[in-house]
Structure formats: structure tokens, C-alpha cells
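Undergrad: sequence and computational prediction follow.
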Amino acid sequence: MRSVVILSVVFVLISILGPFLAPYDPAAINIPARLSPPSAEFPLGTDALGRDTLSRLLHGAQWSLGLAFVVSVIGLVVGTLIGLAAALGGKIADWVVMRTTDTFLAFPELVAAVVIAGLMGAGTWSLIFALSVTSWMRYARVARGIGLSLQSRGYVVQAQLAGLSTASVARWHYLPSLLPSLTVVWTGMFARAILGISALGFLGFGVQPPTPEWGAMLLDARVHLRSTPLQMIWPGLAVVVCVLAINLVGDALRDALSGAGETHD
Amino acid sequence: MISGLAALILRAIVVLSGTAVITFALLWNAPGDPAQAIAMARFDALLTDEVIDQVREEAGLNQGFWTAFVAWLTPLLSLDFGHSAVTGREVLPDLLSAISFTFPLAFAGLAVGLVISIPLAIIAAKHPGGVIDRMAVAVASLGTAIPAYWLALILILVFTVQLAWLPAMGARTPAHAILPAMTLGFGVAASLTRIIRSGILEARGQPFLPALKRRGVPDKAIGKDHVAPHAAVPVVTVFGLELAFLLEGVVLVEVIFGRPGLGPFLVSAITSRDFPQVQAVVVLTALIFVTVNLAIDVIYRMIDPRIGSSDA
């Protein structure tokens, strides 16, 4: 558990401090040094425009990790509210909400995100919108499932009989019970968001150049696969390490909260 | 059972209608003129303003969202996807020909995934917590963290650039399918290994197994009547989960390996803002998804009598 905490702190620090740690301007073009191998001057080499890869990776963390964080938190908030509405709103509201959830789940996430981001016009806002719209459903299902199981609990019934408003019941009696499971779901969705953002970037529908997002960097590097394969190794490695670390945090949380986040849908 | 089945089918119809509304809402709100998009879908290129205005009238676009929605949906119900806004060709034949490349690749990926994951999971589950088990779980965790597009590039780097064993780009020979299928299959295997492994461990821990044994029920009967139905439930679940993974993965993999198929079809349709093609892909994937999930729900009820009494 401790190593997992340290790992997460390191990643948070890198994504916040990345721009300050970067040795060069990530957009500084240096044609004479294009596609150079790793050296003392450029620790991870340079890309096709001679931009320092290490600096681009460090700046890119803000986009790849930061946007994934934003997207997963939007999904968490929206999904939880929707799930609570289903659990507390009575049978008809529940049916409507759950069929809506099923409907959104009927599109493969990435395909839907590509279509939405692509049709809205590639850019950061489209990306956030596309990935949020396609990621709230899991939270809604978990929140609704646990919410329904709380309905008949003594303290919930008592609070309702005491005349507490539905919103207060949701805030003080439902939310605390939901948080552990939702946190576990959130780690999984955070990891998925990182993969989604870089996948969209790689397809050209995500964050637009010259912003050094990791997926977009992979797209740039792909052309030079034969001459400088290392350029395509780094951004992919960054994605893998981050996703793996977040999944480890999720596993550790799941174990610590034992049983949270399982089979509630 | 029958009423449960009817409820499932009703739900599938509701969900499908919902997907149609969402798809149309997306086109309705997309930047650009929906009348122009529909006009291009219905007729060949070369549009005058009169034609577009006529379409706006006919498609009910000046009468609000729902009228326009009904006008949009009606041809789709008879699988009339219209014409491409770019090439003017009919959408459906092109879409079907793209799918004829995509489905075999998806199945090949699934097959590779099963061939790797089933033996690995069985070996791993033999001694839970042992060295092999921990290694298998670690590799599987790593596998789920590797994005398909990066794995594809690494496989190309190793097998095409370095070793020159396998072709990478295009779909001319069956050998061209090996690397794409491996890319998909490794991803499938990573998630399947964990699921199958915990399925085996769970099945083995069931308290009714020793009870049956002591009552003198023959091993064969235990396997057939008690273990197999238990093991079948997670297998069905897995197919539902893997379908999403395969559909998403195959889109990326086809683009990377330059194979004709649903992926490049969708990407080029979006890039050229070819609404008829985009909507055809979206409607079709939703249709596949809902149908498969309906089938899965029905199979669940057949193999597990506990499901169905409580509605999820």
C-alpha cells in the first residue's frame, strides 16, 4: 500500500511540475538536431522537428493525465447524481434512468468517442465532452445498485421518517456509503480515460498539435518507425506506466476496502 | 421465462430506439447544416440551394427535432442507409464490404486470445499464489495497460522491421492478418486470463462440491450437472465484455495496419464529414451490441435459473 501511495504522489508531482522540470521549450523547433538519438544534450532524443522528447513528455503529462483526470471526475459526478436519482426517484424514474444508461452503453465507448469528437470538430473541448458523455454509465450503475440496497436500511428509513429532504438523505446517508465503491470504479475509469485520450490523439481526433499529448506524439513518431523507433517507444511507455500504476492503486484500494466496487450493477 | 423474455426484448427495443435518438441528436447538433447532410445522403453530389431547401421541407427540418427525427428514421428502418455524401455510392454495400474484413479479424483476435488465455489461466490456477500464478497475473495486468496502437507499432518494429518475418501494411495475403490478429489477441488474452483464472478458483471453492462427492455422486455427473453450468456463466459474461473490446480494438488495429474495414471506413467518414456513412456505422454497431447483449441475457436465463427473478 505504501509503495502505491508513493507511486501516485510521484505521478501527481510529475504532471504538475512537469513543465518546470523540462529542460527545453517543448515547442522549440531545432531542425539541425532532428531525430537525434538519446544523448547528454537530449536524454530521450528529439522528434522529426528537433523538439526535445523529454520536454515534450513532461509537458504532455498535463494533457494526457490532466485531461483524463478531468474527464473521469466529470463522469464520476454526473454518473453518481444520475445513479442517485434512479435509486431515490421511485420506480418510473429508475426505469427511465436505467434504460437511458443502457442506451449509452449500447455504443462501444471508443467508437462513440471518436464519432462525437470527430463530428464536433477535433479539439480539447470536444475531447472532454466526447469522453465524458461515454463514461458516466458505470458510476450510475454502481451508485444506483448500492443506493437501492440502502433503501431499507434502518438509518435511511429513520432519516426519511424524521422529515429529511431527499437531497439531504442522498448527501448524508447515501453518499458516504457510495464513496468507497465509486473510488474504485473511478481509478479504473481514470486509467481508461488515459487510454482513450491517447487513442483519440493517435487517430488525430484528440488534442491537436503542436500540443505534446502522448497519443499525438505517437502519431508523429509512427512515420519514423524505421529510422528512429525510440521516438515511438517513449510516449507509449509513458501511457503504459501510468495506466499500470493507476490500476495498481485501484487494486490496492479494492483490497483495502474489500468487496467495494464489485457486482453492484 | 416467457414473460421474462418479452421484457428483455421490450427493453432491447427501448434501448435501440434510444440509440436512434442519440445518433440523430448528434447529427442535429453537429456543426453544419443537417439539411445539406441529408440531401447529400439522399441524392448524389452537386446540390443546388433549391434541392437543399426542398429536403429541409420534406425531412421536416423546419418543423422541429421530432418530426425531423421520424423522417430520418423511416428509411433506416428498412435498412436504407442512403448514399455517401462524398462518393455518391450507396452506403450499405460499402459498409458490408468493410465488415467482411472486420469480422474475420475480430474472430481471429478472439481465437488468439482464447488460445493464450485458457491454458495460461488453467496453469496459473493450479497453485494459486505460486510463482507461475503471480507471473501470469503480473503479465496479464501489464497486458491490460498496453494500448493496442502501441503494441501494434512494437510488433511491426520487431516482426517487420527487425526480423522481416511478417508483412505489416495492407490485407493482400492471409499473412497480413497475423500481426493485427496478434495485437488484438494479446489484449483479449490479458483480460481473459484474469477472468478465467478467478472463475476456476471460484468454481473450485464451491462448498457443494465436497458435499456431492461425499453423497457418492460420480465425478462425471458432478462435472456435467454442477461444475459446467457454474463455469458457463462467466464465459458468457466474458463474451459480452470482449465484444466491446474487440470492436474498439479492431477499429484502431485496422487503421494502424492499413487494412480495409470498419475502422478506416469510420475514420475517413468522420474526417470527410460524410454523415450518411457515419450514421450507418453508429447505427450498425449499436444494433450488433444490443442484439448480442440480448442474446447474452437470454442465455443467462437459460443456464442460471437464479437470474431473472430479480430485474437488474
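TA: That came through fine. All values reported here derive from a predicted model rather than from experimental measurement.
Undergrad: tell me which element the residue in the stretch 201-312 of chain B positioned nearest to chain A falls in.
TA: Distances between the stretch 201-312 of chain B and chain A by CB to the nearest CB are smallest at residue B:270, namely 3.4 Å. Bear in mind the C-beta positions are built from the backbone N, C-alpha and C, glycine included. Secondary structure from DSSP states H and E places residue B:270 in helix B:262-271.
Undergrad: which of the residues in that helix are buried?
TA: In terms of neighbour count (16 or more other CB atoms under 10 Å in any protein chain shown), helix B:262-271 has its buried residues at B:262-267, B:269-270.
Undergrad: just the buried positions in stretch B:68-84, please.
TA: By neighbour count on 16+ other CB under 10 Å, the buried set for stretch B:68-84 is B:68-69, B:71-72, B:76, B:81-84.
Undergrad: and the end-to-end length of that stretch?
TA: From its first residue to its last, stretch B:68-84 covers 20 Å (CA to CA, to the nearest Å).
Undergrad: whether that stretch contacts chain A - can you check?
TA: No: counting by CB under 8 Å from any CB of the partner chain, chain A has no neighbours in stretch B:68-84; the shortest distance is 14.7 Å.
Undergrad: off-centre distance for that stretch?
TA: 23 Å (CA atoms, centre = their mean, to the nearest Å).
Undergrad: show me what the helix or strand encompassing residue B:51 is packed against.
TA: Assigned by DSSP H and E, residue B:51 belongs to helix B:49-58. In this structure, helix B:49-58 packs against helix B:34-42, with contacts taken as 3 or more CB pairs under 8 Å, 6 or more residues apart in numbering or on different chains; DSSP states H and E.
Undergrad: so how far is the helix holding residue B:270 from its chain's centroid?
TA: 16 Å.
Undergrad: phi first, then psi, for the nearest residue to residue B:128 once chain neighbours are set aside.
TA: Counting by CB to CB, 6 or more residues apart in numbering or on different chains, residue B:201 is the residue found nearest to residue B:128 once chain neighbours are left out, at 5.9 Å. Taking degrees, to the nearest 10, you get phi -60, psi -40 for the backbone angles of residue B:201.
Undergrad: isn't the residue of the stretch 201-312 of chain B closest to chain A up against residue A:112?
TA: No: contact between residue B:270 and residue A:112 fails when scored by CB atoms under 8 Å: they sit 11.8 Å apart.
Undergrad: how about the residue nearest to the residue of the stretch 201-312 of chain B closest to chain A when sequence neighbours are not counted, what does it touch?
TA: Leaving aside its sequence neighbours, residue B:270 sits nearest to residue A:118 (CB to CB, 6+ apart; 3.4 Å). By CB atoms under 8 Å, 6 or more residues apart in numbering or on different chains, residue A:118 lies in contact with A:205, B:267, B:270-271, B:278.
Undergrad: got those as a markdown table, with pLDDT columns?
TA: Listed next are those as a markdown table, based on pLDDT from 0 to 100:
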| residue | pLDDT |
| --- | --- |
| A:205 | 84 |
| B:267 | 89 |
| B:270 | 85 |
| B:271 | 82 |
| B:278 | 86 |
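Undergrad: of these, which is the nearest to residue A:168?
TA: Distance to residue A:168 across the contacts of residue A:118 (CB to CB) is lowest for residue A:205, with 42.4 Å.
Undergrad: quick one: mean pLDDT for whichever strand or helix holds residue B:108?
TA: Residue B:108 is part of helix B:91-126 when elements are defined by DSSP H and E. Across helix B:91-126, the average pLDDT comes to 88.
Undergrad: I'd like the next helix or strand past that helix.
TA: Toward the C-terminus from helix B:91-126 - assigned by DSSP H and E - lies helix B:131-145.
Undergrad: what's the first helix or strand after that following helix?
TA: helix B:148-155.
Undergrad: what's in contact with that following helix?
TA: A:198-199, A:202, A:215, A:218, A:222, A:225, A:232-233, A:236, A:239-240, B:179-180, B:182-184, B:186-187, B:249, B:252-253, B:256-257.
Undergrad: quick one on the thing from earlier: tell me which helix or strand the residue nearest to residue B:270 sits in.
TA: helix A:109-120.
Undergrad: starting at the chain centroid, how far to that helix?
TA: In terms of CA atoms, centre = their mean, the centre of helix A:109-120 is found 16 Å from the chain centre.
Undergrad: model confidence over the helix or strand immediately after it in the chain, on average?
TA: Per DSSP H and E, the first helix or strand lying C-terminal to helix A:109-120 is helix A:124-133. Average pLDDT, helix A:124-133: 88.
Undergrad: tell me which other helices or strands helix A:124-133 touches.
TA: Under the contact criterion of 3+ CB pairs under 8 Å, 6+ apart, helix A:124-133 touches helix A:53-88, helix A:109-120, helix A:175-203.
Undergrad: and the helix or strand following the longest one, anywhere near chain B?
TA: Yep, that's helix A:53-88 we're talking about. Heading C-terminal from helix A:53-88, the first helix or strand you meet, by DSSP H and E, is helix A:90-105. Yes: using CB under 8 Å from any CB, helix A:90-105 reaches chain B at A:99-100, A:102-104.
Undergrad: what's the angle from the following helix or strand past the helix holding residue B:270 to helix B:262-271?
TA: Helices and strands here follow DSSP H and E; after helix B:262-271, the next one along the chain is helix B:275-303. Orientation check (axes from the mean of the first three to the mean of the last three CA atoms, to 10 degrees): helix B:275-303 against helix B:262-271 gives 140 degrees.
Undergrad: where in chain A is pLDDT low?
TA: A:1, A:33, A:258-265 (pLDDT under 70).
Undergrad: closest to residue A:8 among the buried residues of stretch B:68-84?
TA: Checking these one by one against residue A:8 (CB to CB), the nearest turns out to be residue B:69, at 46.0 Å.
Undergrad: which secondary element of chain B has the worst mean pLDDT?
TA: helix B:34-42 (a mean of 66; mean pLDDT, DSSP states H and E).
Undergrad: where are the low-confidence patches of the stretch 201-312 of chain B?
TA: Residues of the stretch 201-312 of chain B that meet the cut-off, pLDDT under 70, sit at B:231, B:306-312.
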